[in-house]
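In: pasted the sequence and its predicted model underneath.
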Amino acid sequence: MGLFKAEAEVYKPVEDVNLGPESDEFYRRANVKAPRLAGFVVKIFAWFLELPLIGTFLLYILKRDNLIYKLVSDAELEGSPVYVPMHPFDDLTEEKAMHIGSDLTPAQKVQQAIDCLPSHCGNIVDDKEPFFRRWTIMDYSRAYNSGVITPCMVAERLIAAIKESSSPTLDMAFFIDYNVEDILRQATESSLRYKRGEPISALDGVPIAIKDEIDCSPYPTTGGTKWLHKVRPCKDDACCVMRLRLCGAMLVGKTNMHELGAGTSGINPHYGASRNPYDVGKISGGSSSGSAAVVAAGLCPVALGVDGGGSVRMPAALCGVVGLKPTFSRVPHSGSVLLLSVSYFSCAVLFSFKYRRYLFSSFLINLDVLVSVLPLNWTVGMVGVLAATVEDAFITYAAISGQLQENETSSLPQPKVHFPLLNSGSTISNIKMARYGETVEVTIPDIESMRLAHYVTIGSECTASLSSYLEKLNIAEIGWDVRVALCVYSAFSSKDYIKAQKMRNRQIQIHKNIFSKADVIVTPTVGVTAYPIMDDALRTGELDYINGAALVRYQIAGNFLGLPAITVPVGYDRNGLPIGLQFIGRPWSEATLIHVAFAMQALGISEYRKPQVFYDLLKQ
């Protein structure tokens, strides 16, 4: 193999990198060398990859031609590896924001968030009436409190809409599972609370959908597979789900997702392709595909997703809704269990990849029944919010954010939660924004290298977490595109992984330097708008790494470096497909990001367009 070895990249020390507009840093475009594969062709490719000798050679070629050896594995770069992007908490001075006590209940936090909103929030104001608007959390709350409509009426309309959207005529594939009896039970309880004049919070009776990567009783958690729930039963609600339930939210089912989160299209050969409500022939994006689509189609003002590689922000942008990914660890996944598993993982990477995978998987067997968000990628994934508006994302973030009580005894300073004062009557000032591109005010080098290092990281963590299951699994139960992805993931070595974590350290330092000069980085959310769903992909899934690289290019920093980020719809392409704008912030600066996103939304909301597929559940 040494004969084929490409010249390795030599990265200059971070202190020598010029980040200014006059920088001579090379801006490398995505160098994806892999054709689109689907149908019978992807089956053949998977078969070859799974052959011992031929597969090893093909995987070597793929890694070499896509510059993984050059830019990551064999690269020369300074600094030690950083395995977990756990940022120390700095008590930021965020303009027009207030500190929220950690002792508040989720319902109390929701009320605090609502108190931060303008009094007219959610109302249609005379001369500012938008062309189209989705119903918001506050719209539902006002309608319920007025008695004009009840949660039971909304539940019945929702169930009818889900059935219609699932019909062969539309085949939107929004949900993997929903339970009519459970939805009606929650709606009845909520209706009774409103009748007594005792709603728990503004979220009481509001329909919210949950990505099928997050535990939510009474549903199994499939991860988009046909098998995972059989070996990993759902025991209880995830922390984020429990907090929504404590606010009275009506949890309406588990949304579709790309199988194991291992793709960007949202095409799932087991449960169908979640279709984009703006054009049913286009993808909704992955992996939180169903969550973005149900919000865009008006079925829910809010849905939860998990963002491991832009998996919340990407589909949000493609479907024309808001997507918020908080700072790493801002929303608990599993409390002390997650922290323990991450710590163990950080030590285990010192072993060879093969043995690290088995060591960790044996440890995970005893823990995974306690973990409430599937541990597919421990150090890059975060629960995120997809919402109709920035206000809805903020209210939901308020409900689910904050540390678990048992973690507050840690010797490390616990991150404080700040809420933006959106009702202050004036916008925040002195916010410095940085943008990057080919002609830039700020240069961010090595974007492509960071993308590849993230790919090595998320792939390694996915195979490590699933290895004990995959060894016993009938491979025929896995979608063909995911079989290919797992083959590629398993080709990453401990050297690949550790070099990727050195790249993580390098990029953390670079972004620290950028944030010493700017408050927010502004980028397109995705590099392309939604592309067509091809018939040959429906039964096998598809491999489209060229479009995939374009979709994730600007989102990697949020995951790989653990930074908070939010996307807001800002327009449409010539075909009427949504375009999103992304804001990336310092660690723990969600309040500033929400401020900026709220201001951006105000500029564009009057131009929002109604999707092809839309359900008006309030009928007002």
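Out: Yep, it's here.
In: which helices and strands does the lengthiest helix in the chain pack with?
Out: Longest helix of the chain, by residue count under DSSP state H: helix 447-470. In terms of contacts (3 or more C-beta pairs under 8 Å, 6 or more residues apart in numbering; DSSP states H and E), helix 447-470 is packed against helix 68, helix 353-365, helix 480-490, helix 494-515, helix 556-560. For glycine as for every other residue, the C-beta is placed from the backbone atoms N, C-alpha and C.
In: after the shortest one comes which helix or strand?
Out: Stepping forward along the backbone from helix 68, the first helix or strand reached (DSSP states H and E) is strand 97-100.
In: that next one pairs with which strands?
Out: strand 417-420 (antiparallel) (DSSP bridges).
In: buried residues in the helix or strand that the partner strand is followed by?
Out: Using DSSP H and E, the helix or strand that directly follows strand 417-420 along the chain is strand 433-435. Under the neighbour-count criterion of 16 or more other C-beta atoms under 10 Å, strand 433-435 has Ala434 buried.
In: cool, stretch 579-590 as well?
Out: Result for stretch 579-590 [16+ other C-beta under 10 Å]: buried residues Ile579, Gly580, Leu581, Gln582, Phe583, Ile584, Gly585, Arg586, Pro587, Trp588, Ser589, Glu590.
In: what's the angle from the longest helix of the chain to helix 494-515?
Out: Relative orientation of helix 447-470 and helix 494-515, computed by axes from the mean of the first three to the mean of the last three C-alpha atoms, to 10 degrees: 130 degrees.
In: give me the angle between helix 447-470 and helix 480-490.
Out: 100 degrees.
In: can you report how many residues neighbour the closest residue to Val231 other than its chain neighbours?
Out: Among residues not flanking Val231 along the chain, Tyr469 sits closest, at 5.4 Å (C-beta to C-beta, 6 or more residues apart in numbering). Close neighbours of Tyr469, defined as other C-beta atoms under 10 Å, add up to 18.
In: mind checking how far the closest residue to Asp65 other than its chain neighbours is from Gly285?
Out: Distances taken as C-beta to C-beta, 6+ apart place Lys33 nearest to Asp65, at 4.3 Å, with adjacent residues excluded. Distance, Lys33 to Gly285, using C-beta to C-beta, to the nearest Å: 23 Å.
In: the two - which one has more neighbours?
Out: A count of neighbours by other C-beta under 10 Å puts Gly285 above the other of Lys33 and Gly285, at 33 against 12.
In: ok, the closest residue to the more buried one other than its chain neighbours to Tyr140 distance?
Out: In space, and not counting its chain neighbours, Gly285 is closest to Pro315: 3.4 Å by C-beta to C-beta, 6+ apart. Applying C-beta to C-beta, the value for Pro315 to Tyr140 is 23 Å.
In: higher neighbour count, those two?
Out: Shown here are Pro315 and Tyr140; by other C-beta under 10 Å, Pro315 has more neighbours (39 against 26).
In: please, which helix or strand holds the more buried one?
Out: helix 313-318.
In: average pLDDT across that helix?
Out: The average of the pLDDT scores along helix 313-318 is 98.
In: could I get the buried residues of stretch 579-590 as a markdown table with secondary structure, distance to Gln414 and pLDDT?
Out: Shown next, in a markdown table, are the buried residues of stretch 579-590 (DSSP: H, G, I helix; E, B strand; the rest coil; distance: C-beta to C-beta, whole Å; pLDDT from 0 to 100):
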| residue | secondary structure | distance to Gln414 | pLDDT |
| --- | --- | --- | --- |
| Ile579 | strand | 38 | 98 |
| Gly580 | strand | 32 | 98 |
| Leu581 | strand | 32 | 97 |
| Gln582 | strand | 28 | 97 |
| Phe583 | strand | 25 | 98 |
| Ile584 | strand | 23 | 97 |
| Gly585 | strand | 19 | 97 |
| Arg586 | coil | 17 | 95 |
| Pro587 | coil | 14 | 95 |
| Trp588 | coil | 11 | 95 |
| Ser589 | coil | 16 | 96 |
| Glu590 | helix | 15 | 97 |
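In: farthest-separated two in these?
Out: Across those, no pair lies farther apart than Ile579 and Trp588, at 28.3 Å, counting by C-beta to C-beta.
In: dump the residue contacts of the residue lying closest to Pro445 once chain neighbours are set aside.
Out: Closest residue to Pro445 apart from its sequence neighbours, by C-beta to C-beta, 6+ apart: Glu25 at 4.1 Å. Counting by C-beta atoms under 8 Å, 6 or more residues apart in numbering, Glu25 touches Val17, Asn18, Thr443, Pro445, Asp446.
In: tally of neighbours for the third one?
Out: Applying the criterion other C-beta under 10 Å, we find 22 residues in the vicinity of Thr443.
In: could you do the fourth one as well?
Out: For Pro445, the tally of surrounding residues (other C-beta under 10 Å) stands at 22.
In: gap between the residue nearest to Pro445 and Val110?
Out: Taken as C-beta to C-beta, the span from Glu25 to Val110 is 44 Å.
In: lowest average confidence, helix or strand, in the chain?
Out: Least confident element among the helices and strands of the chain, by mean pLDDT, DSSP states H and E: helix 336-348 (a mean of 33).
In: who are the contact partners of the residue nearest to Gly285?
Out: By C-beta under 8 Å, 6+ apart, the contact set of Pro315 is 266, 284-289, 291-293, 305, 323, 386.
In: and Cys300, by the same measure?
Out: Residues counted as contacts of Cys300 (C-beta under 8 Å, 6+ apart) are Val206, Pro207, Ile208, Ala209, Val252, Val294.
In: 10 Å instead?
Out: If you count contacts by C-beta atoms under 10 Å, 6 or more residues apart in numbering, Cys300 has them with 134-135, 140, 158, 174, 206-210, 249-253, 255, 291, 294, 386-388, 392, 615, 617.
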